[in-house]
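Student: Build the 3D model from these lines:
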Amino acid sequence: MERGTDELRLVLADPAQKIERDRLTVSAWGEGLTLDGYLRREESLRAIAVPRLGMRTWLLVDPTERVLSSCETFAIPSVFRPDDGEEWGWSSGVASVFTEAPLRGRGHATRMLDLLCATLGAEDAAHAVVLFSDVGEAQYARSGFHPRLAHDWSWPPAAAGVTSEAALFGEEALGWRWGAHPVPAGRLVLHPSTDVLEWFRERERIYCSELGRPRPAACGAALGDSLALFYAQPKDDRLWIHWLSADSARTTRALVTAARVVARDAGLSEVRFWEDTDGFPHPDGLDEGVRGARQGGLPMIRPLDTRIRPADWRCIPRALWV
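Tutor: From the prediction side, this is the model:
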């Protein structure tokens, strides 16, 4: 580093600094969008994320206030279940870790994450910090993050004439469908709020508008107590199943088929689903899918509560990605 690490500080960005970072990060995360389109995307997403998801933009600065690296955090409700009870609190999702090219290779991102985890760990009811790495595990392992196994399933859209016995639903039903759905079992569970799901819906709306693509007619499907949620990512021509809980192979098959029908009708070329660390409960319902090691989006966790171990985090749906 250019200066001693004790001279660097972690600060929160002001509105002008956020826009300045947007103009730099468009090269990294603005694929498919013009600069103006990317700036509109960030403004719209922050309008939801700042007040409702506790979004904060963090800057590592030197004594001259020069920004060396930046990132964002989102608050995710989480429940830790030690042997003697159940404790609700918060975990933080880290996103958009960025260092300008001339400043890379000097440890700035590592120092920023070290300071960030120390800051978040001092906050009340803090369980863990998680992120989804597109650059492998080594970069974040230096700051104490541990990788979790990651595999994807993918399908083509449904053929013409194919239907599903699952009932499709739109945004008007998303809140009560999700609110009625139980929190999964597990020692540490990060459970996305309805606000997180609406943030995904806003991403879909923005990209469909900017790229001139139709929005899917539904955002989820249900069959009995089983539920799937999905959203379009048109820049990749993909429909994501970002939540899937099913009680049998039959319901799994019906929910996946429903997603494939929605993808077909929206003109998307692929449906994709993240497998849990323990595997999916009814893999025989995922027939016709192709399973492979994940390319990018590697889940990593740094516990903040000393009772929590990385292996405690096992339910890792796409709905946690930020």
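
Student: Can you mark which positions in the helix or strand containing Glu20 are buried?
Tutor: In this assignment (DSSP states H and E), Glu20 forms part of helix 15-29. Using 16 or more other C-beta atoms under 10 Å as the test for burial, helix 15-29 gives Gln17, Lys18, Arg21, Asp22, Thr25, Val26. Any C-beta I mention is one placed from the backbone N, CA and C, and that applies to glycine too.

Student: Show the contacting residues for Met55.
Tutor: In this structure, Met55 makes contact with Arg46, Ala49, Glu72, Thr73, Phe74, Ala75, judged by C-beta atoms under 8 Å, 6 or more residues apart in numbering.

Student: quick check, nearest of those residues to Ala150?
Tutor: Phe74 (19.6 Å; C-beta to C-beta).

Student: Now, the contacts of Met55 that are in strands?
Tutor: Glu72, Thr73, Phe74, Ala75 (DSSP state E).

Student: Closest to Leu229 out of the residues you listed?
Tutor: When the ones in strands among the contacts of Met55 are compared against Leu229 (criterion: C-beta to C-beta), the nearest one is Phe74, at 17.7 Å.

Student: Tell me the one of the ones in strands among the contacts of Met55 nearest Asp6?
Tutor: Nearest member of these to Asp6, counting by C-beta to C-beta, is Thr73, at 23.0 Å.

Student: Look up the closest residue to the closest one, ignoring the ones flanking it.
Tutor: Leaving aside its sequence neighbours, Thr73 sits nearest to Ser92 (C-beta to C-beta, 6 or more residues apart in numbering; 4.6 Å).

Student: mind listing what the one you found touches?
Tutor: Going by C-beta under 8 Å, 6+ apart, Ser92 touches Thr73, Phe74, Ala75, Ile76, Leu120, Ala126, Ala128, Val129, Val130.

Student: For it, list each beta-bridge partner.
Tutor: In this structure, Ser92 bridges to Ala75, Val129 when assessed by DSSP bridges.

Student: separation between it and Val11?
Tutor: 17 Å (C-beta to C-beta, to the nearest Å).

Student: ok, so of the buried residues of helix 15-29, who is nearest Arg309?
Tutor: Thr25 (33.1 Å).

Student: list the contacts for the closest one?
Tutor: Ser96, Phe98.

Student: same question, Pro77
Tutor: With C-beta under 8 Å, 6+ apart, Pro77 has these contacts: Trp88, Gly89, Trp90, Leu190, His191, Pro192, Ser193.

Student: Among those residues, name the buried ones.
Tutor: Gly89, Trp90, Leu190, His191, Pro192, Ser193.

Student: Look at the fifth one and report its pLDDT.
Tutor: Put plainly, it is Pro192. Looking at Pro192, its pLDDT stands at 96.

Student: how close does the residue nearest to Thr73 sit to His127?
Tutor: 9 Å.

Student: so what's Trp58 closest to, chain neighbours aside?
Tutor: Closest residue in space to Trp58, ignoring its immediate chain neighbours: Cys71 at 5.4 Å, by C-beta to C-beta, 6+ apart.

Student: Repeat that for Gly292.
Tutor: Using C-beta to C-beta, 6+ apart and skipping the chain neighbours, the partner closest in space to Gly292 is Asp152 (5.9 Å).

Student: Can you list the helices and strands that the one helix or strand that neighbour maps to packs against?
Tutor: Element membership for Asp152, per DSSP H and E: strand 151-155. Helices and strands touching strand 151-155, by 3 or more C-beta pairs under 8 Å, 6 or more residues apart in numbering; DSSP states H and E, are helix 249-265, strand 270-274, strand 290-293.

Student: contacting residues around the last one?
Tutor: Residues lying outside strand 290-293 but in contact with it, judged by C-beta under 8 Å, 6+ apart, are Ala150, His151, Asp152, Trp153, Ser154, Trp155, Glu275.

Student: pLDDT averaged over it - what is it?
Tutor: 95.

Student: next one: the first one
Tutor: Per-residue pLDDT over helix 249-265 has a mean of 98.

Student: what's the angle between that helix and strand 270-274?
Tutor: 140 degrees (axes from the mean of the first three to the mean of the last three C-alpha atoms, to 10 degrees).

Student: Would you mind listing the buried residues in helix 249-265?
Tutor: Applying 16+ other C-beta under 10 Å to helix 249-265 flags 250-264 as buried.

Student: Could you export the buried residues of helix 15-29 to CSV, including columns for distance to Gly292 and pLDDT?
Tutor: Converted to CSV, those look like this (distance: C-beta to C-beta, whole Å; pLDDT from 0 to 100):
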residue, distance to Gly292, pLDDT
Gln17, 39, 97
Lys18, 36, 97
Arg21, 34, 97
Asp22, 33, 97
Thr25, 29, 97
Val26, 30, 96
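
Student: Sketch out the helices for the stretch 51-200 of the chain, chain order is fine.
Tutor: 108-121, 138-141, 174-179, 194-211 (DSSP state H, counting those that start in this stretch).

Student: Hmm, Arg81 and Tyr187 touching each other?
Tutor: Slight slip there: residue 187 is Arg, not Tyr. Yes: using C-beta atoms under 8 Å, Arg187 makes contact with Arg81 at a distance of 5.3 Å.
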